[in-house]
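Participant: how would this look folded up:
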Amino acid sequence: MKTIKQAASEVPVWAEADVIVCGGGAAGFMAAISAARAGARTLLVERYGILGGTATAGCMVEFGSIYNGRQVLIGGATHEFLHRLVDYGGAKMRNDKSHNMTFDPESMIQVCQEMVLAAGVELVLHTLVVDAVCESGRLSGIVVENKSGRGALLAGVIIDATGDGDVARRAGAAFDIGDENGALQPVTLELLLGGVDLARVPRSHYDVSPLVRQHAADWPIPTERIFSWGAVPRRRKPGQGEDGADGRFFINATNVLDIDGTKWTDLTRAEIEARRQVDPLVSFMQRHVPGFENCYLERTGVQVGIRETRHIRGEYLLSADDVLGGRHFADGVVSACNSIDVHDVKGRDFDHEFLEKGAFYEIPYRCFVPRGLDGLLVTGRALSADHRALGSARVMVVCMPAGEACGIAGAMTAERRRGVRDIDLLALRNKIRGGGTVLSDDTAA
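Facilitator: Numbering: from 1, shown residues only. Okay, the predicted model is just below:
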C-alpha cells in the first residue's frame, strides 16, 4: 500500500473529566446519564448532532420487552426514560408490563437530550474519536477530531459505547468479528412511511410473506419477508385524533449482505445497495399490500443499521447457552429476557430462539472489561459475547441497562481512583438493584 509521511505534532488537551463516554446511542446516552448522576464529571462524545444512535439516526423505532412473563426486569434510568418518552407524547406502549413500544424518533431525540443535560453531562457533538491515549495497558483519554481540529480529552475512565468497539481497537484490545467463520449479520436501512391506512393493514408482517412469494418479480430484497414493522405515533396537538388513513409505519426489510461495518468500503456499498432497494420496496407496498396503496416515503435512517461487528474479548464471554439457560452470575449487572435474534448471514431469513417463560439471564460485569486493558469499559453491542448470544444482548432495551451499569461502574472507579477490575461488585449490584432492576442473588460463576 502506498503511504505518505506526516510531521509529528502535539495535540492540545481540550478537557479533563472523571468519565468520558464515546458514542451517544442506546448504551452511550444511558451510560453518561448514570455516571453523571453518580457524581462524576462526565463528557459524552457523539459523531452526530443528536443522541439515540440506531433508534434515532437509524430510525429503528421499536423497543422490545423488559418483562419475562413474571416480572418487569429493568428499573432505574432505563425505566425512567421509557416512561418519559411516553409522557412526552412520543411513544405508544403496547403493554404496561412488557413496555414494548414504537416511538417517534424526533421525540426520542428531545427526551435523550434533556435527560442528559439535566444530569449534568457535558456534550461534545459532531466529533469523532480517532485514537486512544494508552500507556502500559491503561487508558487515560481519547483523541478526537472535529471542525475545530484535533484535541485530547482525558479522564479516569473511558466507556466505549461506539457499537463497534472503536476505542478498544485503538487501544489494542483483542476482539473477534462476526461468527466463528468471521461472517457478519446483514445490515438494514430503516424506512418510515406516511399515508398508511391503519385500519386496512394486515394484522402481522408475517402476512406479507405470501404476497412476496406471489409477486417475487417485484420484490427487490434478498429475503422473502419483512423483518418487523409497526405503526409509529406522531406528536400531535392536543385534541387531535388518531392518524386514520394518514398513519405512519416503520418498515424493517431492506437487506445487504457481506458487510463489515468497520470498513469504509463496505459501508459505502451498503448505503448504495440499501438505498437502491427503497423505491422498489415502497412500490411493492403500494401495489400489493392492503393499506399501503397511498403510502409515501417519509424518512430513512441517516445510515444503515449495523447488527454486528467487533466482539471484544472480555474477562468473560457471554454464550448462547448462558442466554437460553437463563444463567445468573455473582457479578451479574444486567438482566434480560430477549430472544436470540440472529439474521442469517446468507440473508434468507432469521431465527428466534426463546427463553422459557419466566426465565431471565444476566450479563456479568466481566463482559464489559476488555482483557489486558485498564481504564476502559466496553458497553453496547461490542461487549464480550458470542455470535448467537449477541443476537439477544445487542437489542436496545438490553444496551440501555448495560450502559447504565457501566456508567455507574465508571463513576465508582473514577471516584476511588482504582482500576475497573477493583470495583466493589456488591456495591455496584446494590446500586443497580436500588434503581429497581431485578438481579439474582445466585452465586454462579
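Participant: In the longest strand that the chain contains, which residues are buried?
Facilitator: Using DSSP state E to define each element, the chain has its longest strand at strand 149-160. Counting neighbours by 16 or more other C-beta atoms under 10 Å, one finds that the buried residues in strand 149-160 are 151-160. Every residue, glycine included, has its C-beta placed from N, CA and C.
Participant: That strand pairs with which strands, and in what direction?
Facilitator: Strand 149-160 pairs in its sheet with strand 13-22 (parallel), strand 138-146 (antiparallel), strand 376-378 (parallel), by DSSP bridges.
Participant: quick one: the first one to chain centroid distance?
Facilitator: Read it as strand 13-22. Averaging C-alpha positions (C-alpha atoms, centre = their mean, to the nearest Å) puts strand 13-22 22 Å from its chain's average.
Participant: export the helix or strand just after that strand as PDB, just CAs?
Facilitator: As assigned by DSSP states H and E, the chain's next helix or strand after strand 13-22 is helix 26-37. The C-alpha coordinates for helix 26-37 follow below in PDB (Å, rounded to 0.1, in the frame of the first residue of the first chain):
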ATOM      1  CA  ALA A  26     -28.800   3.500  23.500                       C
ATOM      2  CA  ALA A  27     -25.900   2.300  25.700                       C
ATOM      3  CA  GLY A  28     -23.900   5.600  25.500                       C
ATOM      4  CA  PHE A  29     -26.500   8.200  26.500                       C
ATOM      5  CA  MET A  30     -27.600   6.000  29.300                       C
ATOM      6  CA  ALA A  31     -24.000   5.400  30.500                       C
ATOM      7  CA  ALA A  32     -23.500   9.200  30.500                       C
ATOM      8  CA  ILE A  33     -26.700   9.900  32.500                       C
ATOM      9  CA  SER A  34     -25.800   7.300  35.100                       C
ATOM     10  CA  ALA A  35     -22.200   8.300  35.500                       C
ATOM     11  CA  ALA A  36     -23.200  12.000  35.900                       C
ATOM     12  CA  ARG A  37     -26.000  11.200  38.400                       C
END
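Participant: Which strands and helices lie in contact with helix 26-37?
Facilitator: Contact partners of helix 26-37 among helices and strands, from 3 or more C-beta pairs under 8 Å, 6 or more residues apart in numbering; DSSP states H and E: strand 13-22, strand 42-45, helix 76-87, helix 105-119, strand 149-160, helix 396-416.
Participant: hmm, back to that, with just CA atoms, put the longest strand of the chain into PDB.
Facilitator: C-alpha atoms of strand 149-160 as PDB (Å, rounded to 0.1, in the frame of the first residue of the first chain):
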ATOM      1  CA  GLY A 149      -9.200  20.300  14.600                       C
ATOM      2  CA  ARG A 150      -7.700  17.600  16.700                       C
ATOM      3  CA  GLY A 151      -7.600  17.500  20.500                       C
ATOM      4  CA  ALA A 152      -7.300  15.200  23.500                       C
ATOM      5  CA  LEU A 153      -9.900  14.600  26.200                       C
ATOM      6  CA  LEU A 154      -8.600  13.000  29.400                       C
ATOM      7  CA  ALA A 155     -10.400  11.000  32.100                       C
ATOM      8  CA  GLY A 156     -10.000   8.400  34.800                       C
ATOM      9  CA  VAL A 157     -12.400   6.000  33.000                       C
ATOM     10  CA  ILE A 158     -13.300   5.700  29.300                       C
ATOM     11  CA  ILE A 159     -16.600   4.000  28.300                       C
ATOM     12  CA  ASP A 160     -16.600   2.700  24.700                       C
END
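Participant: wouldn't residue 311 be in contact with residue 388 here?
Facilitator: No. Residue 311 is beyond contact range of residue 388, at 11.3 Å (criterion: C-beta atoms under 8 Å).
Participant: Run a quick neighbour tally on residue 350.
Facilitator: Using other C-beta atoms under 10 Å, residue 350 is surrounded by 17 other residues.
Participant: nearest residue to it other than its sequence neighbours?
Facilitator: residue 343 (4.1 Å; C-beta to C-beta, 6 or more residues apart in numbering).
Participant: List the residues that contact that neighbour.
Facilitator: Under the criterion of C-beta atoms under 8 Å, 6 or more residues apart in numbering, the neighbours of residue 343 are 185-186, 227, 255, 307, 349-350.
Participant: Inside helices: which ones of those?
Facilitator: Using DSSP state H, no member of these sits in helices.
Participant: And these, which of them are buried?
Facilitator: 185-186, 227, 255, 307, 350.
Participant: Rebuild these as CSV, extending it with pLDDT.
Facilitator: Formatted as CSV, these follow (pLDDT from 0 to 100):
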residue, pLDDT
185, 93
186, 94
227, 94
255, 95
307, 96
350, 75
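Participant: just curious, which of those residues is nearest to residue 289?
Facilitator: residue 227 (14.9 Å; C-beta to C-beta).
Participant: what's the burial count for the nearest residue to the closest one once chain neighbours are set aside?
Facilitator: Once flanking residues are discounted, residue 227 sits nearest to residue 252: 4.4 Å by C-beta to C-beta, 6+ apart. Neighbours of residue 252 under the rule other C-beta under 10 Å: 20.
Participant: Equivalent analysis for residue 355, please.
Facilitator: Residue 355 has 20 nearby residues by other C-beta under 10 Å.
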